[in-house]
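A.B. asks: need a 3D model of the sequence below.
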Amino acid sequence: MEKLNVIIVYNKEENKILMCKREKEPYKGKFNLVGGKVEQDEDELHAAYRELREETGITNKDITLTHIMNFQYKMQDMELEVYAGKLNKSVDLIEELNRLYWIDKNENFFDLEKYAGEGNIGHMVQQVEIYKDKVL
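C.D. replies: Here you go, the predicted model:
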């Protein structure tokens, strides 16, 4: 089973979420959370920090990630791990492939015309907001 991760990164003020704009399919041209592939035999939390550093320049000194949920896609033989955290300071972002944007946390992340994931981003953000005292 292929494993992927996404990371919900809040800014220090906790009012914006970091997103990228997809440059390739799937979801080309739509906003998405940052993340990527978990390598075979790689520790999952290590993979989340690695992908975050590669795509944004954010390191484990800038943020503490909490594993909040997984999605299993049986037909695709894929599992998506979801992590969240809040920056402990302002950081200079380093873009890898996709452009990075800070999006207001009150956006409608269920808007399928604007956001990737068939509404899953909206669900994930709602879960973080419900449990933010434990997550952020």
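
A.B. asks: what about the helices in the chain?
C.D. replies: Using DSSP state H, the helices found in the chain span residues 44-56, 120-130, 132-135.

A.B. asks: who wins for proximity to Gly29 among those?
C.D. replies: Smallest distance to Gly29 across the helices of the chain (CB to CB): 15.1 Å, for helix 120-130. C-beta: built from backbone N, CA, C; applies to glycine.

A.B. asks: can you give me the buried ones in the closest one?
C.D. replies: Within helix 120-130, the residues that qualify as buried by neighbour count (16 or more other CB atoms under 10 Å) are Asn120, Ile121, Gly122, Met124, Val125, Gln127, Val128.

A.B. asks: ok, now stretch 110-120?
C.D. replies: Neighbour-count burial for stretch 110-120 [16+ other CB under 10 Å]: Phe110, Tyr115, Ala116, Gly117, Asn120.

A.B. asks: need the residues that contact it.
C.D. replies: Identification of contacts with stretch 110-120 by CB atoms under 8 Å, 6 or more residues apart in numbering yields Arg22, Pro26, Tyr27, Lys30, Phe31, Asn32, Phe71, Asn108, Phe109, Ile121, Gly122.

A.B. asks: show the buried residues in those.
C.D. replies: Buried by 16+ other CB under 10 Å: Arg22, Lys30, Phe31, Asn32, Phe109, Ile121, Gly122, out of the contacts of stretch 110-120.

A.B. asks: can you flag which of those residues belong to strands?
C.D. replies: Cross-referencing these against strands under DSSP state E gives Phe31, Asn32.

A.B. asks: pLDDT weak spots in the protein?
C.D. replies: For the chain, no stretch has pLDDT under 70.

A.B. asks: returning to that earlier point: want to throw the buried residues of helix 120-130 into TSV with distance to Asp43?
C.D. replies: Formatted as TSV, those follow (distance: CB to CB, whole Å):
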residue	distance to Asp43
Asn120	24
Ile121	25
Gly122	29
Met124	22
Val125	25
Gln127	23
Val128	22
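
A.B. asks: alright, that wraps it up for me.
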